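In: Fold the following and give me the result.
(4 chains)
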Number of protein chains: 2
Amino acid sequence: MPTSTNQHNAGNLGFLKRLNRSAILEMVRRSPGMTRADIATHARLTKATVGTGVQSLLARKWLTEGDLKKSSGGRPGRALYLNDEHYALIGAEVGVHGLRMVACSLNGDILDQHHEHLPPTTPEITARHLAECLQTLLAGPAVAERHCLGLGIAVPGPIAPGQTVLRLAPNLGWRDVPFLDLLQQYLPAPEGIWLMDNEAKAAAFGELYFRTGDIPDSLLYVSAGTGIGSGLVEGNPWPVVTRGVQGLAGEIGHTILQPGGLYCHCGNRGCAETLVSGWTIRAALGIAEEDDLYEALASRLHDDEVQRTLKRAGQALGTLLLNLHHTQNPSEIVLGGSLTRLGPALLEPALSYFEASQNRLLGISQHIPLRIIEDSTFIAARGAAAQVLAHAIHDPDAVNRASL
Amino acid sequence: MPTSTNQHNAGNLGFLKRLNRSAILEMVRRSPGMTRADIATHARLTKATVGTGVQSLLARKWLTEGDLKKSSGGRPGRALYLNDEHYALIGAEVGVHGLRMVACSLNGDILDQHHEHLPPTTPEITARHLAECLQTLLAGPAVAERHCLGLGIAVPGPIAPGQTVLRLAPNLGWRDVPFLDLLQQYLPAPEGIWLMDNEAKAAAFGELYFRTGDIPDSLLYVSAGTGIGSGLVEGNPWPVVTRGVQGLAGEIGHTILQPGGLYCHCGNRGCAETLVSGWTIRAALGIAEEDDLYEALASRLHDDEVQRTLKRAGQALGTLLLNLHHTQNPSEIVLGGSLTRLGPALLEPALSYFEASQNRLLGISQHIPLRIIEDSTFIAARGAAAQVLAHAIHDPDAVNRASL
DNA sequence: GCGGCTTGGTTAATTAACAGAACTAACCCA
DNA sequence: TGGGTTAGTTCTGTTAATTAACCAAGCCGC
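Out: As a prediction, the model looks like this:
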């Protein structure tokens, strides 16, 4: 978990040095083209301190110098940028319909990606499969030249904070799987950071962290697919994912929207997932698990039954969003997951309800931005890669040292 | 907002010194009786660093030395404690039924308290009234001898982060009131920290921060009174209150529990408050606003109508708690507010539903502790005082300097 | 085009914080 | 009573930020 202070919250001189290097790096990452002088004023450090810090970050290939900036009467400063050529980040997602993996540059650009179809199977087979694909990815021309900072894995289930065990993945049929350890058995490389997180939380982190321009204070990612989950990222300048004690934060699919409603697979009644989710829509419209939901519905989208079902589901989704707004009140909401491909039939009722209701309480017209991702295929994998970067940035000198 | 790093997340030597002093102080606060050697090992600082830090904190009366500890073969260490005699913290709550204020010691012990009955009125009258009462409190024998670190105010409505404006307080009939500024006009003293926060968020902070023994990683306070609100505190070792962009985090009373249900005063339908809250229970049972809810119900508690009403409300409360569990998953839940006085008729249905449902998802028997506060009269005021302490602790040397 | 003016960035000496080792203090135990 | 052990301090050393001087590189007005 990225944190700007060490575990015990006290620090020595080395910690201070690290802190300042991270701060410089993070500032340049967020505002590409800053000069040393800009950094000094914004970070309230002296020119000298920034100078040596930048020098070290240049030497370690974290930064590159760009052109001279326009002068405003004095000597022009030299623009600094994240060195987008030297390092690579690897992210992967274990999903219900297969494995997805990406290699990213420090700016979050995807260097290489791969989608491997794989129906739910045992953790061992999955790990072996993933290890093979990752090895190919690592050896590929886009990555092989770069220094790999680490690997992040996104999985469809809750993970308790500080743990590497996937507690439950109903859609994979897994329970208490130490997936990261398993993967490590089959995959020696890369060295560096290894981490695993819930799919929606990884996605949320990536959507916030790899944002170009102003980074919002907080962001909620709602992942609407076979199940429904969410991830909340908060904190400036060091965003952190909210997990909860048992890793259950964001299990919004099991939030009750209809007391006494239908039974959910979790055993409770009236969960949000009984109203919106891949599996309820499938159940309501008689679509088999093996079929692609979008393809199965494409031809029937204008059927009355389909329309009614999706509208009902959309309204529930809108209610869910409103509840999250009044519980967590994020700066921004991003809606992804396979259900967004169903388009306006599902989303329009959700959005119109949410837009109409969200400001009733304060009576203001300040709307929370809500963005919909139509193709969220690689979002979670990229988010896991972002988490690797966030870790690495906290000790930028470490990557060139012997052990991380 | 207490944060261990400065705003720009870079630091100089002075920052490092402050950080380490805070860390020492916080460690002793949490584990009274630690010795210098204990601190050194836990904080990973050297004995020398801890020694000088402790010396300075002793000189500034933040700490006191206690007895020698039992030796285990070597020289016994000297126990260190928070100096509970020198400083005072002031907290106040502006509530629907009046003003409450407390003076606390650093350990959170209440030195003096006052409850002033005051029906909802204008912000100006309220501020003047509060200022007078606070002046009396400050001049009282329990406080006058002490150095006052500052004043925290808890109010029944949302406050956007970093602001001192109460955006909305439906139960007071206020909107966009700069209450802290207003109060400052009538009350010159105390110098130091001034802050204002939502009542449930202040309460949450206090319940976590003034806890004796192990402090949980996170805590959710649910305030069930005229309206329903919650506050979530997270973070170790520096707990932080979650606010949301507009300060709406924790407005759980306006979370939809019954889509298409009754109209709420906020304009939406089926809000939690239409099912559980002082005002719905009053409306359902025909109790006037002026009457004390508890007293009005005391004689009728075994009426069928009352029982039915409270049971329904209790079930809704249980659902609300479950939803919070699956959204935020706090380490611990504390339930307070005037409704807890209604006892088992309301609480038993809530708890039994929550207990039965909370572990369905993970299929484990690890329960989240849920504590009920029967008398939460001064909880929010004390919480506001705790927030003052949390601020002060981040720069323990500052209080003796000229300006804070 | 040639000095002032302004801003960017580096360098060398200084300051201030933590670190390390030696030392004293205080207790236990045999 | 002396050796072993742990607590805490002191002195010296190391490290990182700071200060101030300096050089670099543009602008501007004459």
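
In: A:Ala224 bridge partners, please.
Out: Per DSSP bridges, the residues bridged to A:Ala224 are A:Ile228.

In: do A:Val102 as well
Out: Under DSSP bridges, the beta-bridge partners of A:Val102 are A:Gly91, A:Gln113.

In: Pretty sure it sits against A:Asp109.
Out: No. Counting by Cβ atoms under 8 Å, A:Val102 sits too far from A:Asp109 to count as a contact (9.9 Å). Just so you know, the C-beta spots here come from the backbone N, C-alpha and C atoms, and that holds for glycine as well.

In: Who has more neighbours out of the two?
Out: Shown here are A:Val102 and A:Asp109; by other Cβ atoms under 10 Å in any protein chain shown, A:Val102 has more neighbours (28 against 12).

In: Next, the contact list for A:His325, please.
Out: A:333, A:354, A:358, A:368, B:248 (Cβ atoms under 8 Å, 6 or more residues apart in numbering or on different chains).

In: Okay, and which of these map to strands?
Out: Residues of the contacts of A:His325 located in strands (DSSP state E): A:Ile333.

In: Least confident of the contacts of A:His325?
Out: Ranked by pLDDT, those bottom out at A:Gln358 (90).

In: What sits closest to that residue if chain neighbours are left out?
Out: Of all residues not flanking A:Gln358 in the chain, A:His325 sits nearest, at 5.3 Å (Cβ to Cβ, 6 or more residues apart in numbering or on different chains).

In: residues contacting A:Glu132?
Out: Contacts here follow Cβ under 8 Å, 6+ apart; on that basis A:Glu132 touches A:Tyr186.

In: Could you check which helix or strand contains it?
Out: Element membership of A:Glu132 [criterion: DSSP states H and E] is helix A:123-139.

In: on that earlier part again, which residues do A:Val102 and A:Asp109 both contact?
Out: Common neighbours of A:Val102 and A:Asp109 (Cβ under 8 Å, 6+ apart) do not exist.

In: Now render the contacts of A:His325 as a markdown table, adding neighbour count and distance to DNA strand D.
Out: Converted to a markdown table, the contacts of A:His325 look like this (neighbours: other Cβ atoms under 10 Å in any protein chain shown; distance: Cβ to the nearest atom of the strand, whole Å):
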| residue | neighbour count | distance to DNA strand D |
| --- | --- | --- |
| A:Ile333 | 23 | 38 |
| A:Phe354 | 23 | 46 |
| A:Gln358 | 24 | 44 |
| A:Ile368 | 22 | 38 |
| B:Leu248 | 25 | 38 |
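
In: tell me which element A:Tyr221 is part of?
Out: Assigned by DSSP H and E, A:Tyr221 belongs to strand A:218-224.

In: Return the distance of that strand from the chain's centre.
Out: 9 Å (Cα atoms, centre = their mean, to the nearest Å).

In: could you give the angle of the longest helix belonging to chain A to helix B:304-325?
Out: Counting residues, the longest helix in chain A under DSSP state H turns out to be helix A:304-325. With axes from the mean of the first three to the mean of the last three Cα atoms, to 10 degrees defining the directions, helix A:304-325 sits at 90 degrees from helix B:304-325.

In: which parts of the stretch 1-150 of chain A sit against DNA strand D?
Out: Those residues of the stretch 1-150 of chain A that sit near DNA strand D, judged by Cβ under 7 Å from any atom of the strand, are A:13-14, A:16-17, A:20, A:45-49, A:52-53, A:68, A:70-71, A:73-76.

In: Let me know whether A:Glu116 touches A:Val94 as I believe.
Out: No. Using Cβ under 8 Å as the test, A:Glu116 is too far from A:Val94 to be in contact (10.3 Å).

In: List the residues that are in contact with both of these two.
Out: A:Leu130.

In: mind listing which of the residues of the stretch 1-150 of chain A next to DNA strand D are in helices?
Out: A:13-14, A:16-17, A:20, A:47-49, A:52-53.

In: Now flag whichever of the residues you listed is closest to B:Phe210.
Out: Within these, distances to B:Phe210 taken as Cβ to Cβ reach their minimum at A:Leu16, with 31.1 Å.

In: what number of residues lie near the nearest residue to the closest one once chain neighbours are set aside?
Out: Of all residues not flanking A:Leu16 in the chain, B:Leu16 sits nearest, at 5.0 Å (Cβ to Cβ, 6+ apart). Neighbourhood size, B:Leu16 [other Cβ under 10 Å]: 17.

In: just the helices in the stretch 101-250 of chain A please.
Out: Using DSSP state H, counting those that start in this stretch, the helices of the stretch 101-250 of chain A run over residues A:123-139, A:141-144, A:179-186, A:199-209.

In: Give me the contacts around the second one.
Out: The set of residues external to helix A:141-144 that reach it, using Cβ under 8 Å, 6+ apart, is A:88, A:90, A:103, A:111-112, A:137-138.

In: hmm, try it at 7 Å
Out: Here helix A:141-144 makes contact (Cβ atoms under 7 Å, 6 or more residues apart in numbering or on different chains) with A:88, A:103, A:111-112, A:137.

In: Next, the contact list for the closest residue to A:Arg371 other than its chain neighbours, please.
Out: Leaving out its chain neighbours, the residue that sits closest to A:Arg371 by Cβ to Cβ, 6+ apart is A:Val334, at 5.0 Å. The neighbours of A:Val334, taking Cβ under 7 Å, 6+ apart as the test, are A:207, A:219, A:221, A:371, A:373.

In: Quick check: the farthest pair among these?
Out: Within those, A:Leu219 and A:Ile373 form the most distant pair, 12.4 Å apart (Cβ to Cβ).

In: which of these two has more neighbours?
Out: Shown here are A:Leu219 and A:Ile373; by other Cβ under 10 Å, A:Leu219 has more neighbours (26 against 17).

In: Beta-bridge partners for the more buried one, please?
Out: Per DSSP bridges, the residues bridged to A:Leu219 are A:Val233.

In: After the one helix or strand A:Leu25 maps to, which helix or strand is next?
Out: Per DSSP H and E, A:Leu25 falls inside helix A:13-30. Remark: after helix A:13-30, the chain's next helix or strand is helix A:36-43, criterion DSSP H and E.

In: Out of the contacts of A:Val334, which comes closest to B:Leu321?
Out: A:Tyr221 (24.5 Å).

In: Could you list the contact residues of chain A toward DNA strand C?
Out: So chain A meets DNA strand C at A:11-13, A:35-38, A:47-48, A:51-52, A:54-55, A:72-78 (Cβ under 7 Å from any atom of the strand).

In: Of those residues, just the buried ones, ChimeraX syntax please.
Out: Of those, the buried ones go into a single ChimeraX selection, burial set by 16 or more other Cβ atoms under 10 Å in any protein chain shown:
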select /A:11,12,35,36,37,38,54,77
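
In: can you list the residues of the stretch 151-300 of chain A near chain B?
Out: Residues of the stretch 151-300 of chain A lying close to chain B (Cβ under 7 Å from any Cβ of the partner chain) are A:167-168, A:217-218, A:237-238, A:244-246, A:248-249, A:251-252, A:254-259, A:266-268.

In: What's the local residue count around the nearest residue to A:His115 once chain neighbours are set aside?
Out: The shortest distance from A:His115 to any non-neighbouring residue, by Cβ to Cβ, 6+ apart, is to A:Arg100 (5.2 Å). Neighbours of A:Arg100 under the rule other Cβ under 10 Å: 23.

In: and if you look at A:Asn236?
Out: Neighbours of A:Asn236 using other Cβ under 10 Å come to 14.

In: roughly how far apart are it and B:Asn9?
Out: Using Cβ to Cβ, to the nearest Å, we find A:Asn236 at a distance of 9 Å from B:Asn9.

In: Please apply the same query to A:Asp67.
Out: For A:Asp67, the distance to B:Asn9 - Cβ to Cβ - is 27 Å.
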